[in-house]
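>>> sequence and computational prediction follow.
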Amino acid sequence: MTSPPAPAPATAPGPASGVPAPERRASYREVLGEREFRAIFVADIVSLLGTIVAAVALTVLVYQQTGSPALAASVMALSFLPYLVGGLLFGAVADRLPARRVLVLGDLASAGLVAAMLIPGLPVVGMLVLLLGIGLIAPVYSATRSALLPEILPPGPGYVLGRSMLRIVAQAAQIVGYGVGGLLLALLSPRGALAIDAVSFLASAALLRWGTRRRPARTGRAGSLARDSLAGLRAVLRHRPTRRILLFAWAVPVCEIAPEALATPYATHIGQPARVAGFLMASMPVGIVLADTLAARVLTTRAQRRIIVPSALFVFVPLALFAVSPGLPVAIALLIAAGLGSAWVAGLDGLLIDVVPAPLRSRALGAMGAGLMFVQGAGFALWGIAGQYLPPDVVIAGAAVLGGVAVAALRPRPAAGAASG
């Protein structure tokens, strides 16, 4: 269980008292001044870039060996699917074992699995099984890191800014990583790029081992790991304010990713070559990075929470305009604008920490991350299937309408409602 903060007067600002949170802003210097967060931040950059490079390399390697587009595409599918299984069955690991041990062992195991992909003559099925193993580790690793951040970072704005920085790294890694992957594959073989990924996991393990301090496990529970994990998830979903936040955090991105899922069909639909799909896919992350930076760094806690619903609704205004089949320059501008609506995430981060009961914090954060990854994968499949039967502009505009309905139906309650069960 997370250590409680220092005792505060009964009138201290916060959700319990109903008094607004202090109107202060965190700084990058404050957050990066925390030695343990610096280690986590750098380790995240190293391992993320390595993982994206490996995804490109493995996709190429599978296609070279099989000539099958479906098997090559399965590499990306297997990056999402294990989050559901790992999050459901292994979520209790984040509470049962010391956080540093979970993170270091997770990186070492991932390095070993990637290294095994380099075995000469390994069949494609073997590579995909190893990739599935890495995917099962990822949600446990992510949940453990998420639960550790509130213990490392200053509460309130500091925590929100730290979470924002990790999200920005993830978005930037998508933009930069695929380019780096393509460049490396021009210089190295796919197996050489996989070797770099294995080294990146080892480097991340070293940074976390010597950059973070040892903490005891949050609970001493024994017994079935799967049963404990499922019980924790049920407890999280039974808590109404937490459940509402999680459903909101999952529903908005599912509808938001429709343009990415249909980037190639849409490019063809407006008379552009398929290769411009990359520009469409990179556009929304640009807006997301800008929104996350401004919301977490510039806005106060109160402002972050006030814009959750308006900014989430704004995401779908530009997407609804796809109904008129805008050309490439306008489509790119609309996707950047939609990404700017993602400012809602910063406010939801802080709200979740205030709302969720302390004993359920690690389970709720783990469920949020695992569910988000899974629903994005499911969203790609959903919109892809819809695109088989309807024009892509119609599907994207329809996703915008559904997204607006989801925001209105699932809008989070104020943090003061956290006391209700």
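Ah, there it is. Numbering: from 1, shown residues only.
>>> quick one: contacts for Leu32?
38, 41 (Cβ atoms under 8 Å, 6 or more residues apart in numbering). C-beta here means a position set from N, CA and C on the backbone, and glycine is covered the same way.
>>> mind checking how far it is from Ile308?
26 Å (Cβ to Cβ, to the nearest Å).
>>> now swap in Val375 and tell me
Distance from Val375 to Ile308, by Cβ to Cβ: 18 Å.
>>> now swap in Val62 and tell me
41 Å.
>>> residues touching stretch 393-411, excluding its own?
Under Cβ under 8 Å, 6+ apart, the answer for stretch 393-411 is 244, 247-248, 251-252, 254-256, 258-259, 262, 266, 269, 308-309, 312-313, 315-317, 319-325, 383, 386-387, 390.
>>> outside of stretch 262-277, which residues touch it?
With contact meaning Cβ under 8 Å, 6+ apart, stretch 262-277 is reached by 259, 278, 280-281, 322, 325-328, 331, 383-384, 387, 391-393, 395-396.
>>> ok, of the residues you listed, which come out buried?
Among the contacts of stretch 262-277, those classed as buried by 16 or more other Cβ atoms under 10 Å are 259, 280-281, 322, 325-326, 331, 383, 387, 392-393, 395-396.
>>> just checking, which of the residues you listed belong to strands?
Under the assignment DSSP state E, those contribute nothing to strands.
>>> got the residues you listed as CSV, with pLDDT columns?
Formatted as CSV, those follow (pLDDT from 0 to 100):
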residue, pLDDT
Pro259, 89
Leu280, 84
Met281, 79
Phe322, 96
Ser325, 93
Pro326, 94
Ala331, 94
Trp383, 87
Gly387, 85
Pro392, 90
Asp393, 93
Val395, 92
Ile396, 94
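>>> from the residues you listed, which land in helices?
Under the assignment DSSP state H, these contribute 259, 280-281, 331, 383, 387, 392-393, 395-396 to helices.
>>> out of the buried ones among the contacts of stretch 262-277, which is nearest to Ala291?
Pro259 (16.2 Å; Cβ to Cβ).
>>> report the contact partners of that closest one.
So Pro259 contacts 266, 280, 284, 319, 322, 331, 335, 338, 396 (Cβ under 8 Å, 6+ apart).
>>> measure the first one to Ala258 for me?
To tie it back to what came earlier, the one meant is Tyr266. 10 Å.
>>> which stretches of the stretch 201-350 of the chain form helices?
Along the stretch 201-350 of the chain, the segments classed as helices by DSSP state H, counting those that start in this stretch run 225-238, 240-256, 258-261, 263-269, 277-298, 301-306, 308-320, 328-340, 344-355.
>>> returning to that earlier point: any chance of the ones in helices among the buried ones among the contacts of stretch 262-277 in CSV, plus distance to Thr212?
What follows is these, written out as CSV (distance: Cβ to Cβ, whole Å):
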residue, distance to Thr212
Pro259, 38
Leu280, 39
Met281, 34
Ala331, 43
Trp383, 39
Gly387, 44
Pro392, 45
Asp393, 48
Val395, 44
Ile396, 42
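>>> between the residues you listed, which is closest to Gly106?
For those, the nearest to Gly106 is Met281 (28.4 Å; Cβ to Cβ).
>>> that closest one contacts Glu260, correct?
Yes: at 5.2 Å, Met281 and Glu260 qualify as touching, with contact defined as Cβ atoms under 8 Å.
>>> so, low pLDDT: which residues of the stretch 201-350 of the chain?
For the stretch 201-350 of the chain, the stretches flagged by pLDDT under 70 are 218-226, 274-275.
>>> now with 90?
213-237, 257, 259-269, 271-286, 289, 292-304, 346-347, 349-350 (pLDDT under 90).
>>> now render the helices of the stretch 201-350 of the chain as JSON lines, adding distance to Arg213.
JSON lines is the format used below for these (distance: least, Cβ to Cβ, whole Å):
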{"stretch": "helix 225-238", "distance to Arg213": "25"}
{"stretch": "helix 240-256", "distance to Arg213": "29"}
{"stretch": "helix 258-261", "distance to Arg213": "39"}
{"stretch": "helix 263-269", "distance to Arg213": "44"}
{"stretch": "helix 277-298", "distance to Arg213": "25"}
{"stretch": "helix 301-306", "distance to Arg213": "28"}
{"stretch": "helix 308-320", "distance to Arg213": "34"}
{"stretch": "helix 328-340", "distance to Arg213": "36"}
{"stretch": "helix 344-355", "distance to Arg213": "21"}
